[in-house]
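# here's my sequence, what's the structure:
(chains A and B)
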Amino acid sequence: MSKLGQQELIRLYVMPHTALEYNETQWSGIVQLLRHEKLLARYGHRLADHHLLEQLPISVQHHFNNAMDVTTRHIHQVHHTVKLIHRLLGESYPMIVLKGAAYTLLEDVVSRGRIYSDIDIWVQQSDIAGAEQQLKLTGWFSDEMDDYDERYYREWAHEIPPMYHGGSGAVLDMHHNIVPPVSGRAVDVSFFIQHIEVTASGVKVLSLPARTLHSTIHLLFNEECEYALRDLIDLVLMFEQFSLDDWDGYLALAEQTGFAREGVMAIALCQNMLNLSVPEAIAKQASPIQKKVSTRVLVTVYQRIMASSHPLVASRLSKVCERFIWLRGHYLKMPWTLLLYHIMMKAYRSTAQIVLGRHIFTKTDPELLGPLKTGQDVK
Amino acid sequence: MTATYDVLIPPFNFRVQTDIALVEQNLHTLYGQQVLPEGSLPFIDYHVAVRHATGLRRWFRPQASFFCDQHEPLKPLHLSQAFAMLEWGMNWTIAAHEVQHVIVHSGILAKHNQAILFPAPPGSGKSTMSAYLAFNGWRLLSDEMAMIDPETFEAIPFARPICLKNKSIDLAQSWFPDAPFSTVAKDTHKGDVIHLSAPLNENERFAPARIKGIVFPKYNPDITDIQITQLNQSQAMHELADNAFNFSLMAHRGFKALTGVVEQADSYHIEYRDAADVKAFLEQEVLEYV
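Numbering: from 1, shown residues only, chains lettered A, B, ... in the order given. Below you'll find the model as predicted:
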């Protein structure tokens, strides 16, 4: 193996047996990349499932085990925290648990080895203030934030600033929409709300097709693509569970909510990169949009940026692609006047950071050993 | 000029990168033969770096930034504190990733492979005690982070330089004038600090040690005689858990490990003026003769 890259990580996922080809030095790089992509625990489970983990050098196993232990612990924390929030908000502020926390509550395979940075919930927009207040009474608080960021969240985004729990260090993101409401494409949430299931503990989550589409939108309708390979692997793990009805439901919901293109792009990416097989009828249905030149360009761009941000593997082309996705993400989310304003603000702020140092806008002063106790900052 | 080294600090292999001459110089002083050319070690556990901060801070009141791979977990510090920052950053790196061992914020030293834990808040004289023992026949396993195997309850050595603060800097320099000291990092959040390498015994570098005692030391210049109070197991457990970094992450494994340690060790609260008294007490009353 010459230079490590995206291809090696993807090959290792699709063909786990290639794990046995690498020596310790090559593993150094792979562990470093996987940790950077937040995939160390995910791959650890995959290798363990194929009885390959125990065949790797002890030093390598050690890091997979660390990462898997941390995610196992996160799973306990998520169950515990959601239970508390659910009890707290109760009937007054009905909530739906989204994304990673939902996978965990459902004990879906996607939750195995997935790293969480926060717990996402949805409540109705009219309930946001009440729910926020209720949480604040029981030890949840928001970080101090500069005025621009505060306004960005509250007015233009689809969530309120993240809340932290003083005791456990858990982070909660409360949303009132799936995508930012200013984008003109704001989803009629009611489409999603029709696709609900209830977990064993009585908490509402989206159904399999709906949460797959939500995850798709998160990956392909966003200006950030930092952990794109992690998100794509989440998607393939969900697609692999689809019945024919789920496939139909997924495509229909994508169509209804205006994300038909993103819906089929996700399928194409999983087919091209992670060997997903798709029922023939569905492939046929997706093919007209997949064949469009604009879709094909986008798919190529996304393929390029998967797991390619680390300096070990980054290329000029992958950086250009990331920049493109950043612009497109903003363009899709905001009317162009607002976008222009936002870009100017961002440019001003990053210039200030270049000149005055990157921490000029950092408000809090983390204690040197502060993050240690909670283990929240594990990367 | 950026320099990159592989640094062997059992049980981990670090790759350390820096473009700050002060850091490179201190690295060689304190880690000596453990500093190897890049690529010497087959497997690298953690990639860390300390670099000049970017922007104006490169030149105006210059700062240093610590990186764990691409991640910058700590706020930059003044350039003169860059080496101390590397040490603290490495502590952060281990505490944030390692969950195979319970990590207690504590000094730990051993004699005849019997270890004593010194968990204590800053200002208690814990590091001074570590330095005194480490240069008087004891083996330093760690000054800040005691790593405990959750199955065997043994302490695993993770020997790093001892971090001395303020007044104890002069004291240690007068005790061990020829020892490898780092340059002084002034006005950090802990005051002035200096790092000191303890003598390393090649044969015992990887050897675990059974934990025989837990001592909560408190330096008190106003007393004449050493004052020793034995603690019961629940008091010791409580204090130990308070000092464990990854206690909640380790969950029941962590609880089991700390209970195991407390059950096999005697625990004391010791108020002292002279470190030699503590050493005498430990060697005569706590350690078993071999």
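# tally of neighbours for the residue of the stretch 151-300 of chain A found nearest chain B?
Nearest residue of the stretch 151-300 of chain A to chain B, counting by C-beta to the nearest C-beta: A:Ser168, 8.0 Å away. Using the backbone N, CA and C atoms, a C-beta is placed for each residue, glycine as well. If you count neighbours by other C-beta atoms under 10 Å in any protein chain shown, A:Ser168 ends up with 15.
# thought it was touching A:Gln77?
Yes. Applying C-beta atoms under 8 Å as the test, A:Ser168 and A:Gln77 come out as touching, 6.8 Å apart.
# so what's B:Val261 up against?
Residues in contact with B:Val261 (C-beta atoms under 8 Å, 6 or more residues apart in numbering or on different chains) are B:Leu117, B:Ile148, B:Phe153, B:Ile211, B:Ile214, B:Leu240.
# what's across from the fourth one in the sheet?
Note on B:Ile211: beta-bridge partners by DSSP bridges are B:Ala115.
# which residues touch it?
B:Ile108, B:Ala115, B:Ile116, B:Leu117, B:Ile148, B:Phe153, B:Glu154, B:Ala155, B:Val261, B:Gln264, B:Ala265.
# closest to A:Arg11 among those?
The closest of those to A:Arg11 turns out to be B:Ile148 (C-beta to C-beta; 38.6 Å).
# show me where chain A has its strands.
All strands of chain A, identified by DSSP state E, fall at A:95-98, A:119-123, A:140-142, A:163-165, A:171-175, A:196-198, A:204-206.
# so what's residue 244 closest to, chain neighbours aside?
Just going to use chain A. For A:Leu244, the nearest residue in space outside its immediate sequence neighbours is A:Pro279; the separation is 6.1 Å by C-beta to C-beta, 6 or more residues apart in numbering or on different chains.
# switch to chain B, please.
Ranked by C-beta to C-beta, 6+ apart and with sequence neighbours excluded, the top spatial neighbour of B:Ala244 is B:Val104, at 4.9 Å.
# if you tally nearby residues, what's the number for residue 109?
Here I'm looking at chain A. With other C-beta under 10 Å as criterion, A:Val109 counts 16.
# um, chain B though
For B:Leu109, using other C-beta under 10 Å, the count is 28.
# was I right about it contacting B:Ile116?
Yes. In this structure, B:Leu109 is within contact of B:Ile116 by C-beta under 8 Å, at 6.0 Å.
# what segments of the stretch 151-290 of chain B are helices?
Along the stretch 151-290 of chain B, counting by DSSP state H, counting those that start in this stretch, helices occupy B:167-175, B:233-242, B:247-264, B:275-281.
# make CSV out of those and add distance to B:Asp225.
Converted to CSV, these look like this (distance: least, C-beta to C-beta, whole Å):
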stretch, distance to B:Asp225
helix B:167-175, 20
helix B:233-242, 23
helix B:247-264, 27
helix B:275-281, 8
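# nearest to A:Asp188, out of those?
That would be helix B:247-264 among the helices of the stretch 151-290 of chain B, by C-beta to C-beta, at 41.2 Å.
# tell me the angle of that closest one relative to helix B:233-242?
150 degrees (axes from the mean of the first three to the mean of the last three C-alpha atoms, to 10 degrees).
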